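>>> Below are the sequence and a predicted model; questions follow.
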Amino acid sequence: MFGLIGHLTNLEHAQAVARDLGYPEYGSQGLDFWCSAPPFVVEDIKVTSATGQVIEGRYVESCFLPEMLATRRIKAATRKILNAMAHAQKMGINITALGGFSSIIFENFKLEQIRRIRNLELDFHRFTTGNTHTAYIICQQVEQAAPKYGIDLSKATVAVCGATGDIGSAVCRWLSHNTGVKDLLLIARNRERLDNLQSEIGMGKIMGLEEALPMADVVVWVASMPKGIEVDPSSLKKPCLMVDGGYPKNIGSQFSNPNVHVLKGGIVEHSLDIDWRIMHIVAMDVPARQLFACFAESMLLEFEKWHTNFSWGRNQITLEKMEQIGMASVKHGFRPLLTT
């Protein structure tokens with residue numbers, strides 16, 4: 001069995017979903033309530049591979065909200081993730097993906113040091129961040145979508161916002177090694193990590209976001225942001241492809257310019273319908289077919305019986321693992337979302 005640990009995008013979203021799911025008493029509750037709410041299973045899921053294989057899984061709502069980080073309720077945020085992991089393990093789930101901020105919180109606050117949750121010893125081999133598949137899918141979105149909009153990667157400048165994160169660094173490795181991209185602009189907060197990444201991949205310019213955006217033909221957004229930022233479309237190149245892999249989304253702007261193309265980054269489409277509510281709840285355009293690539297990774301690991309923490313630790317994603325999960329992704333009927 002596979003598991004998915006997720007969360008909603010903000011307090012308002014959580015309140016609306018609670019009402020929709022038949023919990024009106026939760027729909028009027030503030031952040032304090034959500035800080036104390038326990039994890040729970042939203043639904044059981046069946047997924048059919050393109051090969052005909054069928055697997056079962058469960059979606060666990062952690063009740064974490066990004067406002068917990070914004071208001072420095074760090075203990076509440078970390079407790080949410082650890083309790084959701086313990087809940088999944090108690091149900092005997094073989095491999096569980098940590099979606100959205102779940103993996104970021106786990107890594108940034110070094111939760112691997114906390115193995116015991118009450119009477120349970122967490123087995124980290126039962127969990128994956130899903131970041132290898134997410135990074136692979138974002139790279140496929142860049143490679144496949146850029147030519148559609150008249151962007152030749154061999155002549156293009158690609159900016160990566162969040163370049164030193166787990167997904168961002170993997171995207172930079174892939175783009176520098178596999179695509180022949182003309183130049184990379186590396187954007188992140190930590191200068192030491194930026195220097196190390198630049199040295200590792202042997203290319204790229206380190207610069208700030210405002211300086212980089214007007215120079216970029218393609219922008220990959222994979223930064224950890226509690227809420228999206230506004231981008232002035234007049235400052236962008238035309239055409240410009242933006243792949244927003246954040247959850248919540250990194251870009252807070254809506255673009256009406258026909259030469260600015262925004263893709264939902266890190267999203268896959270499955271070849272067969274999945275009967276579930278959760279992708280309706282997070283407002284996927286085609287909920288029966290579309291899902292987060294990190295969630296799909298746990299499905300792929302269950303399909304292949306690779307019951308191990310395939311994606312784990314910061315900046316451990318290799319090109320070989322991206323290719324491995326990519327082959328499994330194609331085999332079982334997943335493809336990158338390419339419609340804006």
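Yep, that arrived.
>>> Val54: how many residues sit nearby?
Counted with other CB atoms under 10 Å, the neighbours of Val54 add up to 10. For every residue, glycine as well, the C-beta is placed using N, CA and C.
>>> Tell me, how many residues neighbour the closest residue to it other than its chain neighbours?
Using CB to CB, 6 or more residues apart in numbering and skipping residues adjacent in sequence, the residue nearest Val54 is Thr48, 5.1 Å away. The number of residues packed near Thr48 is 16, by other CB under 10 Å.
>>> Ala70 too?
13.
>>> go on, Tyr136?
Counted with other CB under 10 Å, Tyr136 comes out at 29.
>>> Check which residues of the helix or strand containing it are buried.
Remark: Tyr136 resides in helix 131-148, with elements defined by DSSP states H and E. For helix 131-148, burial by neighbour count (16 or more other CB atoms under 10 Å) applies to 131-143, 145-146.
>>> Let me see the mean pLDDT of it.
The pLDDT scores in helix 131-148 average 98.
>>> partners of the following helix or strand past that helix in the sheet?
Heading C-terminal from helix 131-148, the first helix or strand you meet, by DSSP H and E, is strand 157-161. Looking at strand 157-161 with DSSP bridges, its partner strands are strand 183-187 (parallel), strand 218-221 (parallel).
>>> Deepest-packed of those strands, please.
strand 218-221 (a mean of 29; mean count of other CB atoms under 10 Å).
>>> contact partners of that one?
Contacting residues not belonging to strand 218-221 are listed as 138, 142, 146, 151, 153, 156-162, 168, 171, 212-213, 240-246, 249-251, 265 [CB atoms under 8 Å, 6 or more residues apart in numbering].
>>> which is the next helix or strand following it?
Per DSSP H and E, the first helix or strand lying C-terminal to strand 218-221 is strand 240-244.
>>> what's in contact with that next one?
138, 141-142, 145-146, 149, 151, 216-221, 250-251, 259-265.
>>> what do you get for stretch 104-118?
In contact with stretch 104-118 (CB under 8 Å, 6+ apart) are residues 64, 69, 74, 77-78, 80-83, 85-86, 98, 121-122, 124, 129, 165-166, 224, 313-314.
>>> from the residues you listed, which ones fall inside helices?
Leu69, Ile74, Ala77, Thr78, Lys80, Ile81, Leu82, Asn83, Met85, Ala86, Asp166 (DSSP state H).
>>> Which PyMOL command selects the buried ones in the residues you listed?
Here is the PyMOL command that selects the buried residues among the ones in helices among the contacts of stretch 104-118 (16+ other CB under 10 Å):
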select buried, resi 69+77+78+80+81+82+83+85+86+166
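>>> For the ones in helices among the contacts of stretch 104-118, could you give me a markdown table that also reports pLDDT?
Below are the ones in helices among the contacts of stretch 104-118 laid out as a markdown table (pLDDT from 0 to 100):
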| residue | pLDDT |
| --- | --- |
| Leu69 | 94 |
| Ile74 | 96 |
| Ala77 | 97 |
| Thr78 | 97 |
| Lys80 | 97 |
| Ile81 | 97 |
| Leu82 | 97 |
| Asn83 | 98 |
| Met85 | 98 |
| Ala86 | 98 |
| Asp166 | 95 |
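>>> just curious, which of the ones in helices among the contacts of stretch 104-118 is nearest to Ile281?
Taking CB to CB as the measure, Ile281 sits nearest to Lys80 out of those, at 17.4 Å.
>>> what sits against that closest one?
His7, Pro39, Ser62, Cys63, Phe64, Met68, Ile105.
>>> what's the nearest residue to it if we skip its chain neighbours?
Phe64 is the one closest to Lys80 (CB to CB, 6+ apart), at 3.8 Å.
>>> Over to Arg72. Which of the three states is it?
Using DSSP: H, G, I helix; E, B strand; the rest coil, the structure places Arg72 in coil.
>>> Could I get the phi/psi values of the residue nearest to Val54?
Recorded main-chain torsions at Thr48 are phi -110, psi 130, according to degrees, to the nearest 10.
>>> any idea how far it lies from Arg79?
Taking CB to CB, to the nearest Å as the criterion, Thr48 is separated from Arg79 by 36 Å.
>>> How about Gly265?
Distance of Gly265 to Arg79, computed by CB to CB: 29 Å.
>>> The two - which one has more neighbours?
Gly265 (26 against 22).
>>> Low-confidence regions, the stretch 101-250 of the chain specifically.
Low-confidence segments of the stretch 101-250 of the chain, defined by pLDDT under 70, are absent.
>>> residues contacting the closest residue to Ile187 other than its chain neighbours?
Leaving aside its chain neighbours, Ile187 sits nearest to Cys161 (4.6 Å; criterion: CB to CB, 6+ apart). Neighbour list for Cys161: Gly168, Ile187, Ala188, Leu209, Ala212, Val219, Val220, Trp221, Val222, Ala223, Asn250 [criterion: CB under 8 Å, 6+ apart].
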